[in-house]
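Undergrad: Fold the following and give me the result.
(chains A and B)
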Amino acid sequence: MIFRGNKPEPGKEKINDLQTIEEAITNLPKIQPRPGLKHQMFADIMQEVKSQEVVPEKPKFRFPTFGFTVSLAGCAFAALIAFTMVPSMIGTDQPPTLRSGSAPDLTPEELAARQEAERELALLRQVIPHDNGQYIGEGVEVTIQDPQSRLIRKGSLTGDVETRVDLYRLVQEIYNNGGQLISINGILVEPYTEVVSHGNLIEISERRVQAPFTMKVIGDGKRIYQALHNSNSALSKLSVDEGMEVDLRQSRLVTIMMEEENTESSQ
Amino acid sequence: MSGMGELEQVFHQLYDEYFNDIYSFVAYSVGRRQDAEDLTQEVFVKAYKGLANFRGDSELKTWLFAIARNTIRNWIVRKKPLPITEDELLWQVPHTGDTPESLLEEREAMDKLQNVLNQLKDSYKTVIVLRGLHGFSVKEVAEIMDCSETKIKVTHFRALRKLRSLLSADPTFPISLHHLPSKEVGT
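TA: Numbers count the residues shown, from 1 in each chain, chains lettered A, B, ... in the order given. Below is the predicted model of the structure:
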């Protein structure tokens, strides 16, 4: 070991330094335990080992694995969904709605009034056009065959404006009995639409139409049907008095195309 | 190994033979007496439990020191021990009565060396103690620390270099060392 004051050989300082330190480390004394520790510790070790051998291990709680936890959560969620869905499917806890009409706390009069209101609401909803430009609702469909051309006067000139009002009267009768929308051969006919015979043709809104006339009516189908089926109705007169072939059918689904003019005007 | 009595007998021999070495190794690593005693006991309890499964892949001494090394490392991670003051240091070179001047200087050098050794990080201290103090070969130290021999060589060299830099910075250290440039000072 080189102590201070003794100079090492030049060029070997660093190597000598490390060797000196290594030599110094090997000369370090080992740390000795306090007297009696070895014997005492051996006894402690054997006691600890024996106590751990005798005492049976308690079953340790282990956290479930992630997959098991996810499965368990999924089952619980499914059970919750089923618990909330099943009563509503059975209908026991379904809250009363306007459509159901089964509220137990309503009197028969109130119930009838509610049904009437719902009916009127449904009829009003029919006159709102759909996005595709169609009116859809309940009503009747009427087909009038005029093989003998009774609706026009034969031999009349094109410029003669006649006053045959059979179709016009029929339109007015329908509107008076719950009709909301009427189309004749695809032309929308409103309450004040002009329906006249012009020469040997029928003009509706200055558009000429010919037999057979197909009338589509949206409105209170039952009421219209009853009104037109009456023997005093304009339709019955056309059938009985004029000898035309008339077909009247009530329908739950009548479709009337909204005309372009109306579409443009509504826009 | 089979049979409880045989196991106890082997353990007793193992304990008798290596208790002082293990205690010294643990004491150099942790510094405090109480910690050293607790950890030494823990090492031998683990050794007793694992003795039945010892496969003989390495020497018993190496295997025992590997247990000690892992126990110390776990303890450091678990406890995060505070720095040790000089008063708490376990190692003290025994003072003999009237000694010649050279022996007095050597004792002073040993004191300083031990204090500086305590300032090294754990891996450096472990390699130096195992290689220098207990005389393990590089291969055995690699087995104990569970890493490659190359890494042990590099770590040992860096540890010595760091030790030298710390010692050379102390003018009262009696052994002549040369001051190193800062870039050569290892971490």
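
Undergrad: quick check: longest helix of chain B.
TA: Criterion DSSP state H: the longest helix present in chain B is helix B:4-30.

Undergrad: now that one: how far from the chain's centre is it?
TA: How far helix B:4-30 lies from its chain's middle: 15 Å, per Cα atoms, centre = their mean, to the nearest Å.

Undergrad: And the pLDDT for residue 24?
TA: Looking at chain A here, since you left the chain open. On pLDDT, A:Ala24 comes in at 78.

Undergrad: that answer is for a different chain, and I need it for chain B
TA: The model's pLDDT for B:Ser24 equals 90.

Undergrad: Pretty sure it sits against A:Lys30.
TA: Yes: contact status for B:Ser24 versus A:Lys30: in contact at 4.0 Å, counting by Cβ atoms under 8 Å. Every residue, glycine included, has its C-beta placed from N, CA and C.

Undergrad: So for those two, which residues contact both of them?
TA: B:Leu133 (Cβ atoms under 8 Å, 6 or more residues apart in numbering or on different chains).

Undergrad: more crowded one of the two?
TA: Between B:Ser24 and A:Lys30, counting by other Cβ atoms under 10 Å in any protein chain shown, B:Ser24 is the more crowded of the two (23 against 15).

Undergrad: separation between that one and chain A?
TA: As judged by Cβ to the nearest Cβ, to the nearest Å, B:Ser24 and chain A stand 4 Å apart.

Undergrad: Which neighbouring elements make contact with the longest helix of chain B?
TA: Using 3 or more Cβ pairs under 8 Å, 6 or more residues apart in numbering or on different chains; DSSP states H and E, the elements in contact with helix B:4-30 are helix A:37-54, helix B:33-51, helix B:60-79, helix B:122-128.

Undergrad: Tabulate the ones you listed in a markdown table, adding columns for distance to B:Val138.
TA: Converted to a markdown table, the helices and strands packed on helix B:4-30 look like this (distance: least, Cβ to Cβ, whole Å):
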| stretch | distance to B:Val138 |
| --- | --- |
| helix A:37-54 | 30 |
| helix B:33-51 | 23 |
| helix B:60-79 | 12 |
| helix B:122-128 | 9 |
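
Undergrad: Pick the most deeply packed of these.
TA: Of the helices and strands packed on helix B:4-30, the one with the most neighbours on average (mean count of other Cβ atoms under 10 Å in any protein chain shown) is helix B:122-128, at a mean of 21.

Undergrad: for the next helix or strand after it, which positions count as buried?
TA: As assigned by DSSP states H and E, the chain's next helix or strand after helix B:122-128 is helix B:138-145. For helix B:138-145, a neighbour-count test (16 or more other Cβ atoms under 10 Å in any protein chain shown) marks B:138, B:140-145 as buried.

Undergrad: Stretch B:160-170 too?
TA: By neighbour count on 16+ other Cβ under 10 Å, the buried set for stretch B:160-170 is B:160-168.

Undergrad: neighbours of B:Thr172, just the number please.
TA: 7.

Undergrad: In contact with it: list those residues for me.
TA: B:Lys112.

Undergrad: pLDDT wise, what is it at?
TA: 70.

Undergrad: and it, that's in a strand?
TA: No: going by DSSP: H, G, I helix; E, B strand; the rest coil, the assignment for B:Thr172 is coil, not a strand.
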